[in-house]
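> The following block contains a protein sequence and its predicted model.
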Amino acid sequence: MPHLLSAHDLPLAPMLERIRQYREGTTPRQGRGTIALLFYEPSTRTRGAFEQACVMLGYHPLVLTPSISSIVKGESLADTVRTLCAQGVRAIVIRHPHAGAAHTASRFSTVPILNAGDGAHEHPTQALLDIYTLWSHRGYPNPHTRWLEGVKVAIVGDVKHSRVARSNAILLTQAGAEVWLCAPPTLLPDAPLPGVQQTHSIEQALQNAHVVMALRLQTERMESGFLPSLNAYRRDYQITEARLQVAHPDCVVMHPGPIQRGVEIEDAVADGSRSLILTQVQVGLTVRAVCLEYALEN
Ligand code: NCD
């Protein structure tokens with residue numbers, strides 16, 4: 001029974017191929033039963049996509065959004081997971097403000113746990129939809145090769161608090177990409193991530209980049225003092241057409257959402273011809289369906 005806690009747990013090439021089959025019209029198998037969506041944090045895209053993915057596969061989504069006061073303690077999470085298992089749910093999708101919550105849940109679960117984002121740790125299904133978006137944009141190269149070899153990806157923004165950056169670094173490097181993390185010095189990770197470069201120079205990160213991924217400033221995961229001001233961030237790190245002049249001429253721009261318009265990315269870039277942002281949202285549902293299917297059928 002596979003849990004899906006980290007991007008390391010995703011068999012990348014077969015998953016990419018399966019998502020493509022679904023997107024190109026293969027009808028998924030109908031399943032039965034209930035899947036619990038345990039969301040301890042706000043979410044639009046991820047929760048909506050998992051909910052629709054459950055329906056698409058023939059499962060009933062049971063959405064649970066516990067009040068803030070019942071979050072936190074390992075004990076209460078363990079009890080919630082045990083209760084859901086006793087009620088016969090087939091899988092549990094969990095989003096939680098604490099890093100490691102999905103791993104904790106998996107210790108008490110008799111059904112697969114899927115990590116929909118745990119604190120500043122990981123968000124594997126977001127990374128899978130991001131890399132799928134790139135795979136389709138690049139014309140479906142053989143996914144069993146290092147098909148992103150020679151491709152420079154700059155991930156720019158609040159890397160320190162970003163579970164999206166962490167999971168993306170795992171999958172992108174697996175496919176051979178040259179990954180650069182870029183943030184003001186206070187928003188870079190304390191320990192460098194394996195196999196990736198990091199810099200606080202936006203020019204160095206964007207130089208000849210084929211893909212620029214902007215990240216939201218995760219103010220809810222920051223203590224105060226990480227940034228002098230939003231204006232300073234905007235001035236030094238916002239992704240703008242002017243800054244993208246040094247990038248590769250065919251450079252594409254991505255953002256996991258939600259976008260804080262005018263902060264991490266200029267409107268003209270977010271809505272412009274280089275933007276893959278809406279494609280990312282569109283593939284989100286299929287990616288979650290394939291992740292649920294993988295967890296339930298293996
Ligand atoms: C991300 C998240 O919640 O981790 N959003 C998402 O799932 N699409 C990124 C973010 O919160 O900025």
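Noted; the coordinates are in hand.

> what's the neighbour count on Gln280?
For Gln280, the neighbour count with other C-beta atoms under 10 Å is 22. No exception for glycine: its C-beta is placed from N, CA and C like everyone else's.

> which element is it on?
helix 277-297 (DSSP states H and E).

> cool, and Asn115?
strand 113-118.

> can I get the CA coordinates of the next helix or strand after that strand in CSV?
Toward the C-terminus, strand 113-118 is succeeded by helix 124-137 as the next helix or strand (DSSP H and E). Provided in CSV are the C-alpha atoms of helix 124-137 (Å, rounded to 0.1, in the frame of the first residue of the first chain):
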residue,chain,number,x,y,z
PRO,A,124,4.3,16.2,-4.2
THR,A,125,1.1,16.4,-6.3
GLN,A,126,1.8,20.1,-7.1
ALA,A,127,5.3,19.2,-8.3
LEU,A,128,3.8,16.4,-10.5
LEU,A,129,1.4,18.8,-12.1
ASP,A,130,4.2,21.3,-12.7
ILE,A,131,6.4,18.8,-14.3
TYR,A,132,3.5,17.4,-16.3
THR,A,133,2.8,20.9,-17.6
LEU,A,134,6.5,21.1,-18.8
TRP,A,135,6.4,17.6,-20.3
SER,A,136,3.3,18.5,-22.4
HIS,A,137,4.7,21.9,-23.3
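
> quick one: helix 124-137 near the ligand?
Yes - contact between helix 124-137 and the ligand, assessed by C-beta under 6 Å from any ligand atom, occurs at Gln126.

> before we move on, back to that, got the contact list for the strand holding Asn115?
Strand 113-118 is contacted from outside by 3-6, 37, 39, 41, 43, 46-47, 50, 81, 91-96, 98-103, 105-106, 122-126, 163, 291-292, 295, using C-beta atoms under 8 Å, 6 or more residues apart in numbering.

> quick check, it touching the ligand?
Yes - judged by C-beta under 6 Å from any ligand atom, strand 113-118 and the ligand are in contact via Gly117.

> Now the helix holding Gln280: average pLDDT?
The average pLDDT for helix 277-297 rounds to 96.

> tell me what it is packed against?
For helix 277-297, the packing partners by 3 or more C-beta pairs under 8 Å, 6 or more residues apart in numbering; DSSP states H and E come out as helix 12-23, helix 45-56, strand 91-96, strand 113-118, helix 124-137, strand 252-254.

> buried ones in stretch 173-188?
173-175, 177-184, 187-188 (16 or more other C-beta atoms under 10 Å).
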